[in-house]
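Visitor: pasting a predicted model and its sequence here:
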2 protein chains.
Amino acid sequence: MARISKEHAVRKMEIMETAKKLFYTCGYDTTSVNQIIAVLGISKGAFYHYFKSKEDLLDEIIGQFIETVITRIKPIVENPRLDPLSKLNKWISEASALKVQNPELMKTFIDVLYKKENILIREKYRLQMNSRVVPELTRLIEEGVETGTFHTPYPRETAIMIINMGITSNDVLSNTFQNLPDPVNLDRLIKWYKLYELAFARLLGIPENSIRIIKDEIIQTFFRV
Amino acid sequence: MARISKEHAVRKMEIMETAKKLFYTCGYDTTSVNQIIAVLGISKGAFYHYFKSKEDLLDEIIGQFIETVITRIKPIVENPRLDPLSKLNKWISEASALKVQNPELMKTFIDVLYKKENILIREKYRLQMNSRVVPELTRLIEEGVETGTFHTPYPRETAIMIINMGITSNDVLSNTFQNLPDPVNLDRLIKWYKLYELAFARLLGIPENSIRIIKDEIIQTFFRV
DNA sequence: AAATATTAGACCGACGGTCGGTCTTATAAT
DNA sequence: ATTATAAGACCGACCGTCGGTCTAATATTT
């Protein structure tokens, strides 16, 4: 095979991009290293030069994703002109904006993500959310407690709970979409989100209508498709 | 190898018991089918005569476990002489009694369960909890809502949330025990349980002191060892 | 020219799972 | 009482695939 040499970072990114696409369409377990290198036209040796294992590759891909999440969140959390509650609402709408912007993509993405062969992706996502996003939310909650907006004696634990509620929410969402979008599912989805809002507000000790997670656009976009 | 023939149910149970032990000590991924059959002294063919795959075997093992959980819970939930809140508290103490009764076993069990190679076990556990235990809790909450004890417009969703909070709680618990039981961890564990209690009560719309999850015995047993 | 970084691809052991076939046992027909 | 029949428990060689290793060759840098 003709040797094609590229700068380290470039090649690494190429591998990650290709692998990402394959993982997100065919699944993690079902995509073999041989497949990845076949698509790229590189050798096994080259692959294992950049990543010490297939799992290591996944770690880096998820890490990259979490990185983009954090870069989106940080400007909100650190904005001195916003009060804590506004920050939180902005955070939430930022997150759901992602889903609304391209619903089809998001639907297939969730569908794939929750297949059996992708447990590891979900696990890595969960772990990195806990290690890297929880601290950000903790700081936000702490600020809210200091300024008297939020009322909870355990900011860190509340942050953990909220983040994990979000992940649970994804689980529920995926279960809803595994069947056809019939009225029962729509009803359940709406109920779930309402409870999610309620739990959110109560955990932070704020009025129940101060957090809005469910928005008509989300429901509509998901169920129109 | 000498051929030893046994009754269907007996042999199947033997395989499950042996596999269970191996899975819970060495881990699911790290235990091969070859290992299982080696310990039992049976052939590959025999194994695949009883289970259509290794994963199928795991499904049955978890199913068996969930079965015991349900048989413990059902008498409480269906006891006509208990009010909903008492039922719930009994449920909770029943669950934690398991942990207190043999703490060493429980510790190693949790340690093993949360190793990388056991994601699938956790996933199966989560799924079966949602499909089989959630309905029981839903009925209990519905009863509480009807009798005016609990206050939530979404009993099913609240049940889902509570069960998944419990699973999250296990995650947090395992993370705490991955390091040494130093004062910081003890502090975090207690804080976590306090928040758990708080969230529990608030989700059900009952006074905050009506649910007791954390008990001194639990903390002591875990941190004494 | 020497040292280092990178790549090629043959190779490895382990794995989950398949398959053709054998042996035991219970029942039914003789 | 004996013999045919069939169900199903059981065997173990074998298969393809996988993640990962290793050595040698080639490019790049010094």
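Guide: That came through, no problem.

Visitor: and chain A, what are its domain boundaries?
Guide: A:8-50, A:55-224 (automatic domain parsing).

Visitor: where among those is average confidence lowest?
Guide: When those are compared by mean pLDDT, domain A:55-224 comes last with a mean of 88.

Visitor: you'd agree residue A:134 is up against residue A:157?
Guide: No. If you go by CB atoms under 8 Å, residue A:134 and residue A:157 don't touch, sitting 9.8 Å apart. To be clear about C-beta, it is placed using only N, CA and C from the backbone, and glycine gets the same treatment.

Visitor: higher neighbour count, the two?
Guide: Between residue A:134 and residue A:157, residue A:157 has the larger neighbour count (other CB atoms under 10 Å in any protein chain shown), namely 25 against 19.

Visitor: who touches that one in this structure?
Guide: Going by CB atoms under 8 Å, 6 or more residues apart in numbering or on different chains, residue A:157 touches B:188, B:191-192, B:194-195.

Visitor: got the domains of chain A as TSV, with distance to DNA strand C columns?
Guide: Shown next, in TSV, are those (distance: least, CB to the nearest atom of the strand, whole Å):
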stretch	distance to DNA strand C
domain A:8-50	2
domain A:55-224	11
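
Visitor: for the ones you listed, which one sits closest to DNA strand D?
Guide: For the domains of chain A, the distance to DNA strand D is smallest for domain A:8-50, at 3.1 Å, taking CB to the nearest atom of the strand.

Visitor: first-to-last residue distance for the closest one?
Guide: 8 Å (CA to CA, to the nearest Å).

Visitor: what about the closest residue to residue A:209 other than its chain neighbours, how many residues nearby?
Guide: Using CB to CB, 6 or more residues apart in numbering or on different chains and skipping the chain neighbours, the partner closest in space to residue A:209 is residue A:201 (7.6 Å). By the measure other CB under 10 Å, the count of residues near residue A:201 is 18.

Visitor: within range of DNA strand D, give me the residues from chain A.
Guide: Applying CB under 7 Å from any atom of the strand, one finds that chain A approaches DNA strand D through A:3, A:5, A:31-35, A:44-45, A:48, A:52-55.

Visitor: so which of these are in helices?
Guide: If you go by DSSP state H, the residues of chain A next to DNA strand D have A:33-35, A:44-45, A:48, A:54-55 in helices.

Visitor: can you list the residues of chain A near chain B?
Guide: Neighbours of chain B within chain A, by CB under 8 Å from any CB of the partner chain: A:119-120, A:123, A:152-154, A:156-158, A:160-161, A:164-165, A:168, A:171-172, A:188, A:191-192, A:194-195, A:198-199, A:202-203.

Visitor: now go through those and say which are in helices.
Guide: Per DSSP H, the subset of these in helices is A:119-120, A:123, A:156-158, A:160-161, A:164-165, A:168, A:171-172, A:188, A:191-192, A:194-195, A:198-199, A:202-203.

Visitor: buried ones only from those, please, as a PyMOL command.
Guide: With 16 or more other CB atoms under 10 Å in any protein chain shown as the criterion, this PyMOL line picks the buried residues out of these:
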select buried, chain A and resi 119+120+123+156+157+158+160+161+164+165+168+171+172+188+191+192+195+198+199+202+203
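
Visitor: okay, now residue A:8: neighbour count?
Guide: 9.

Visitor: and if you look at residue A:17?
Guide: 13.

Visitor: tell me the helices and strands packed up against the helix or strand harbouring it.
Guide: Using DSSP states H and E, residue A:17 sits within helix A:8-26. The helices and strands touching helix A:8-26, judged by 3 or more CB pairs under 8 Å, 6 or more residues apart in numbering or on different chains; DSSP states H and E, are helix A:33-40, helix A:44-50, helix A:54-77, helix A:103-113.

Visitor: just the buried positions in it, please.
Guide: A:11-12, A:15-16, A:18-20, A:22-24, A:26.

Visitor: got a list of contacts for that helix?
Guide: So helix A:8-26 is contacted by A:6, A:31, A:35-36, A:39-40, A:42, A:46-47, A:50-51, A:57-58, A:60-61, A:64, A:109, A:112-113, A:118, A:121 (CB under 8 Å, 6+ apart).

Visitor: repeat the analysis, applying 7 Å as the threshold.
Guide: A:31, A:35-36, A:39-40, A:47, A:50, A:57, A:60-61, A:64, A:109, A:112, A:121 (CB atoms under 7 Å, 6 or more residues apart in numbering or on different chains).

Visitor: quick one, it and helix A:103-113 angle?
Guide: 80 degrees (axes from the mean of the first three to the mean of the last three CA atoms, to 10 degrees).

Visitor: so how far is helix A:8-26 off the chain centroid?
Guide: 18 Å (CA atoms, centre = their mean, to the nearest Å).

Visitor: quick one: residues contacting the closest residue in space to residue A:29 that isn't next to it in sequence.
Guide: Distances taken as CB to CB, 6+ apart put residue A:117 closest to residue A:29, at 3.7 Å, once the chain neighbours are dropped. Listed by CB under 7 Å, 6+ apart, the contact partners of residue A:117 are A:27-30.

Visitor: turn the helices and strands packed on helix A:8-26 into TSV, including mean neighbour count.
Guide: Formatted as TSV, the helices and strands packed on helix A:8-26 follow (neighbours: other CB atoms under 10 Å in any protein chain shown):
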stretch	mean neighbour count
helix A:33-40	15
helix A:44-50	14
helix A:54-77	16
helix A:103-113	15
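
Visitor: Throw those into a markdown table and include distance to residue B:146, thanks.
Guide: Listed next are these as a markdown table, based on distance: least, CB to CB, whole Å:
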| stretch | distance to residue B:146 |
| --- | --- |
| helix A:33-40 | 55 |
| helix A:44-50 | 60 |
| helix A:54-77 | 42 |
| helix A:103-113 | 35 |
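
Visitor: can you say which of the ones you listed is nearest to residue B:143?
Guide: Residue B:143 sits nearest to helix A:103-113 of all the helices and strands packed on helix A:8-26, at 33.9 Å, using CB to CB.

Visitor: name the helices or strands packed onto the closest one?
Guide: Helix A:103-113 is packed against helix A:8-26, helix A:155-178, helix A:216-224, with contacts defined by 3 or more CB pairs under 7 Å, 6 or more residues apart in numbering or on different chains; DSSP states H and E.

Visitor: can you list these in a markdown table and add distance to residue B:83?
Guide: A markdown table is the format used below for the helices and strands packed on helix A:103-113 (distance: least, CB to CB, whole Å):
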| stretch | distance to residue B:83 |
| --- | --- |
| helix A:8-26 | 50 |
| helix A:155-178 | 28 |
| helix A:216-224 | 37 |
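
Visitor: quick one: closest of the ones you listed to residue A:104.
Guide: Closest among the helices and strands packed on helix A:103-113, using CB to CB: helix A:216-224, at 9.0 Å.

Visitor: please name the nearest non-neighbouring residue to residue A:60.
Guide: Using CB to CB, 6+ apart, the closest residue to residue A:60 is residue A:16 (6.3 Å).
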